[in-house]
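# pasting the sequence and the predicted coordinates here, then a few questions.
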Amino acid sequence: MNGGDAYVGMEVQYIRRHHKHETRDNQCTSAMFKHIRAPVHLVWSLVRSFDQPQRYKPFVSRCTMRGDDLGIGSVREVNVKSGLPATTSMERLELLDDDKHILGIRIVDGDHRLRVRHSTAHGPNAFALCATYGWDDLNNYSSIITVHPEVIDGRPGTLVIESFVVDVPDGNTEDETCYFIEALIRCNLKALADVSERMAVQDRTEPINH
Ligand code: A8S
């Protein structure tokens with residue numbers, strides 16, 4: 001078994017262990033992963049900050065917590081940047097495990113009119129999907145994100161896995177739905193990698209003066 005296969009083996013094991021979603025009829029589910037060249041504590045510090053998704057999520061402009069404390073059941077109101085077929089999203093913290101590094105959220109409300117227009121300027125991405133969605137909301141969206149230590153080129157690295165389950169809206173196919181969500185998650189994971197890797201480089205180059 002070569003290195004590549006070994007990685008795939010770990011991903012499958014982690015997905016089996018932590019990313020089991022119960023799906024009903026007319027729901028779709030999928031899992032995506034990303035290898036990040038930054039240690040797990042840095043990546044987890046970003047992922048776990050339920051009250052500050054804008055630290056890495058490129059589509060979030062603002063986040064306000066409903067209530068003071070941060071724990072299971074906390075709700076955040078996320079404002080989405082203009083240009084997307086949504087303005088706000090209310091999201092509930094379902095799972096936060098600092099030992100196992102698991103975060104689970106569920107979308108409970110919001111205004112996401114997912115009308116994505118055709119754009120010829122770029123390849124397929126969240127802004128330029130060649131489909132028109134008529135979703136009223138993503139109320140049945142929930143996701144799990146886990147982070148796992150690994151070694152990348154002899155340095156501490158992190159494997160991040162994000163999975164989701166969502167209702168397929170009337171008038172859309174399962175493929176369209178998955179494709180849209182996957183595009184958003186791909187952007188989030190890429191941004192998570194960029195921010196974490198920048199933090200890791202800073203950590204390595206800053207003199208230790210404490
Ligand atoms: C996340 C994942 C997703 C976020 C989606 C899928 C969303 O915040 C964006 C656009 C939408 O149309 C729906 O973990 C919604 O951020 C970026 C507002 C929910």
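It's in.
# and residue 24, how far is that from the ligand?
Shown here: residue 24 relative to the ligand, a distance of 19 Å by C-beta to the nearest ligand atom, to the nearest Å. For the C-beta atoms, the positions are set from N, CA and C on the backbone; glycine is no exception.
# ok, now residue 105?
Distance from residue 105 to the ligand, by C-beta to the nearest ligand atom: 7 Å.
# pLDDT value on that residue, please?
Confidence at residue 105, expressed as pLDDT, is 95.
# for the top strand by length along the chain, packing partners?
Counting residues, the longest strand found in the chain (DSSP state E) is strand 155-167. Contacting strand 155-167 under the criterion 3 or more C-beta pairs under 8 Å, 6 or more residues apart in numbering; DSSP states H and E are the following elements: helix 3-18, strand 27-36, helix 40-47, strand 142-152, helix 174-205.
# if you average pLDDT over that strand, what comes out?
Strand 155-167 comes out at a mean pLDDT of 95.
# got it, and stretch 189-205?
The average pLDDT within stretch 189-205 is 95.
# ok, now stretch 53-70?
pLDDT averaged over stretch 53-70 gives 93.
# and it, does that touch the ligand?
Yes: interface with the ligand: stretch 53-70 contributes 57, 59 (C-beta under 6 Å from any ligand atom).
# quick one: buried residues of that stretch?
Of the residues in stretch 53-70, 53-54, 56-60, 63 count as buried by neighbour count, 16 or more other C-beta atoms under 10 Å.
# can you pull the pLDDT of the residue nearest the centre of the chain?
Per C-alpha atoms, centre = their mean, the C-alpha nearest to the average position across the chain is that of residue 185, at 4.9 Å. Listed pLDDT for residue 185 reads 96.
# can you verify my assumption that it contacts residue 161?
No: here residue 185 does not reach residue 161: they are 10.5 Å apart, not a contact under C-beta atoms under 8 Å.
# overlap in contacts, the two.
Common contact partners of residue 185 and residue 161 (C-beta atoms under 8 Å, 6 or more residues apart in numbering): residue 32.
# quick one: contacts of stretch 66-79?
By C-beta under 8 Å, 6+ apart, the list of residues contacting stretch 66-79 reads 50-51, 53, 60-65, 87-96, 108, 110.
# measure it end to end?
Its first and final residues considered, stretch 66-79 spans 13 Å by C-alpha to C-alpha, to the nearest Å.
# what distance separates it from the centre of its chain?
17 Å (C-alpha atoms, centre = their mean, to the nearest Å).
# what of stretch 156-169?
In terms of C-alpha atoms, centre = their mean, the centre of stretch 156-169 is set 6 Å apart from its chain centre.
# and the buried residues of stretch 53-70 as CSV, adding secondary structure?
Shown next, in CSV, are the buried residues of stretch 53-70 (DSSP: H, G, I helix; E, B strand; the rest coil):
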residue, secondary structure
53, helix
54, helix
56, coil
57, coil
58, coil
59, coil
60, strand
63, strand
